[in-house]
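I need the structure of the sequence given here:
(2 chains)
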Amino acid sequence: MSAAPDLLAPDLLVIGAGPAGLAAAATAAEQGLHVLLVDEQAAPGGQYWRGVEAAPAALTAVLGRDYAAGRTAIERLRRSGAAHAPATTVWHLGRGSAGLEVGLASGTRAQLVSPKAVLVASGALERPFPVPGWELPGVMGAGAAQALLKTSGTAAEGAVFAGTGPLLYLVAAQYLAAGVRVRALLDTTPAGALTQALPHLPRALRRSAMLLEGAGWLAAIARRTRVVRGVEALRIEGTAHAEAIVWQTRHTEGRIESPHIFLHQGVVPQTNLSMAAGLTHDWHEGQQAWHPRTDPWGAASVPGLFVAGDGAGIDGAAAATASGTLAALEICHQAGRLDRSARDAAARPHRQALKRERALRPFLDALHRPAPQFLVPRAPETLVCRCEAITRGALEGALALGLDGPNQLKSFSRAGMGPCQARLCGLTLQGLIAERSGRSMAEVGYLRLRPPVKPLTVEMLADLEIAPALEDTDAL
Amino acid sequence: MFKRLEGSETSIIMRFEGREIRARAGESVAAALLAAGIEICRDHPKTGLPRAPFCLMGTCFECLVTIDGQPNRQACLVPAADGLIIERGTGGALP
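Numbers count the residues shown, from 1 in each chain, chains lettered A, B, ... in the order given. Prediction:
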């Protein structure tokens, strides 16, 4: 992390170096803004383009053309003049009396910087998939399995993939393309999902290339591994490590021995930061997730704060490049670097791209909407909160006392209080309360999140380096 | 068991619980441990049961280990580097 004075007060601070953040940082820097791009990972690319600069040719071939395109986006960033701070965590974001404040941490140092504008491009995370045994070593997200493939060229022979959603099929197909044996794919896509999704198909055909690509993954998987469709229940067995996965469909059941189980049921926006920043969020019924409320430029409900990419709603990498660019153009406009007509002219192709990419989503969202029993686990022994090891059964006990909101449930049970700050249980807690009370997810609401959004040591706070603009204020 | 696919170059040498671990430039400590066949990285502070990296992208905090004496580091966010001394997460409280 650089401590150069202009980086303590950049024109634009971009959080996240995935497709949205890379495009935004480069676009704004090319227009002459002082841009600081901070990212938690050691190398740029986000999850989608993870490790793309270092990936050997053979691996890049397995991961595909869209993956390889990440190199171009990163080269553009490096040429743009934007400063890139890797391995840097954001622990605070908000607007105080002296303007925007962003808390950064890198290694053992913490800083409080004062940018003129902030773009949150923090991307998505895999939706929690609480099934009995999901906390056992050997069980991982399919996205995690893909991360290992991308940065390490590492894969597990004979793994079982379970769940639903494009990423699940993609990673299984990439495993097979890399010559790695896949034991089985247990598909939890509900039986009626296709019927629900069909009305959205005509619009989705505008992105027929992507639909065909997905169909190709499915065909490759069906040819080369066992696929069980209509899976309605899952349980992972093992004591110190996963040993087997037990599945059930309406008519039959089975048990497959494998030490590696990769779970996935879609991705949801990472909203811990945008929520802690006090941005207004809306419940998105189709995606079963919270979206920060934004205008067509990505401007959020707090002045100077923008959100783009999958962190604003799941639309995929190509859409993220477009929405990141649109936000940067508006930020340049507000900074006086682009007049209205130049901004609008530059925006036009990105608006079209965004519209095209979004045409696909309602179909995919309906087709891969997780079944209720995988959103809120049925078996009482299932861990809901992994950090504090709280089961559904324990939460039932707390709820029986008449608690009616996620915050009450958290204070009472400690669920959501661990270091992950409910990233892996918040939606489940919300769903459990909704289910029991008969209220909608929107009515129940989410946990109240506060900074620091990532753990920080007291020493780091004591040695905090503060941007001059914020020094005499009551920041924090 | 996880395995590296092709003859990828593992030029970095670290230690986990005294055992030599080889890593590839650009990968995280968590990825290197998994690639070396080390799947359990800590014991859960409440249950004492073993836990392993789950998300590999910084969100789940399951891969907390001690690195060069500093506890509770997210192994998936620390780049592998020569000479790192890594110990199984003790399960102590977070700072």
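
how far does stretch A:363-383 stretch from start to finish?
Taking CA to CA, to the nearest Å, stretch A:363-383 runs 31 Å from one end to the other.

Go through that stretch and flag the buried ones.
A:363-371, A:374-377, A:379, A:382-383 (16 or more other CB atoms under 10 Å in any protein chain shown). For every residue, glycine as well, the C-beta is placed using N, CA and C.

among these, which are in strands?
The strands, defined by DSSP state E, take in A:Leu383 from the buried residues of stretch A:363-383.

Now for the buried residues of stretch A:363-383: which two are most distant?
The span of those, defined through CB to CB, is set by A:Phe363 and A:Leu383 at 32.8 Å.

who's in contact with A:Ala276?
Counting by CB atoms under 8 Å, 6 or more residues apart in numbering or on different chains, A:Ala276 makes contact with A:His92, A:Leu93, A:Gly94, A:Leu449, A:Arg450, A:Pro451, A:Val453.

what about 10 Å?
With contact taken as CB atoms under 10 Å, 6 or more residues apart in numbering or on different chains, A:Ala276 is in contact with A:Val90, A:Trp91, A:His92, A:Leu93, A:Gly94, A:Gln421, A:Arg448, A:Leu449, A:Arg450, A:Pro451, A:Pro452, A:Val453.

Pull the most distant pair out of those.
A:Val90 and A:Arg448 (18.7 Å).

Checking the residue nearest the centre of chain B next. Helix, strand or coil?
By CA atoms, centre = their mean, chain B has its centre lying nearest to B:Ala30, at 3.5 Å. Assigned with DSSP: H, G, I helix; E, B strand; the rest coil, B:Ala30 falls in the helix class.

pLDDT score assigned to it?
Looking at B:Ala30, its pLDDT stands at 98.

B:Leu94 too?
For B:Leu94, the predicted pLDDT is 50.

Now the buried members of the contacts of A:Ala276.
Looking at the contacts of A:Ala276 with 16+ other CB under 10 Å, the buried ones turn out to be A:Val90, A:Trp91, A:His92, A:Leu93, A:Gly94, A:Gln421, A:Leu449, A:Pro451, A:Pro452, A:Val453.

Just these: which are in strands?
The strands, defined by DSSP E, take in A:Val90, A:Trp91, A:His92, A:Leu93, A:Gly94 from the buried ones among the contacts of A:Ala276.

can you give me the strands for the stretch 151-300 of chain A?
Ranges of strands in the stretch 151-300 of chain A, per DSSP state E, counting those that start in this stretch, are A:154-156, A:159-164, A:182-187, A:226-228, A:233-238, A:242-248, A:253-257, A:261-265, A:267-269, A:281-284, A:289-292.

got it, and chain B?
So, for chain B - with DSSP E - the strands run B:2-4, B:12-16, B:19-23, B:42-43, B:50-51, B:64-67, B:70-74, B:85-87.

mind showing which ranges of the chain have poor pLDDT?
Chain wasn't specified; assuming chain A. A:1-6, A:472-476 (pLDDT under 70).

that's the other chain; I wanted chain B
In chain B (pLDDT under 70), the answer is B:7, B:91-95.

at 50 what do you get?
Along chain B, segments meeting pLDDT under 50 span B:95.

What residue in the stretch 201-350 of chain A comes nearest to chain B?
When scored by CB to the nearest CB, the stretch 201-350 of chain A has A:Ala240 as its residue closest to chain B, at 5.3 Å.

How about that residue: what's its closest non-neighbour residue?
B:Pro50 (5.3 Å; CB to CB, 6 or more residues apart in numbering or on different chains).

Relative to chain B, how far out is the spatially most central residue of chain A?
Nearest to the mean C-alpha position of chain A, by CA atoms, centre = their mean, lies A:Ala124 at 1.0 Å. Shown here: A:Ala124 relative to chain B, a distance of 10 Å by CB to the nearest CB, to the nearest Å.

Dump stretch A:231-241 to CSV, restricted to CA.
Output of stretch A:231-241 as CSV, limited to C-alpha atoms (Å, rounded to 0.1, in the frame of the first residue of the first chain):
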residue,chain,number,x,y,z
VAL,A,231,-31.8,-34.1,-6.0
GLU,A,232,-34.0,-32.9,-3.1
ALA,A,233,-31.8,-33.6,-0.1
LEU,A,234,-28.0,-33.8,0.6
ARG,A,235,-26.0,-34.9,3.6
ILE,A,236,-22.2,-35.1,3.8
GLU,A,237,-20.8,-37.8,6.1
GLY,A,238,-17.5,-38.0,7.8
THR,A,239,-15.8,-37.4,11.1
ALA,A,240,-12.6,-35.5,10.7
HIS,A,241,-12.9,-35.2,6.9
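
thinking again about what came up before, so which of the strands of the stretch 151-300 of chain A is the most packed in?
Mean neighbour count (mean count of other CB atoms under 10 Å in any protein chain shown) peaks for strand A:261-265 among the strands of the stretch 151-300 of chain A, with a mean of 29.
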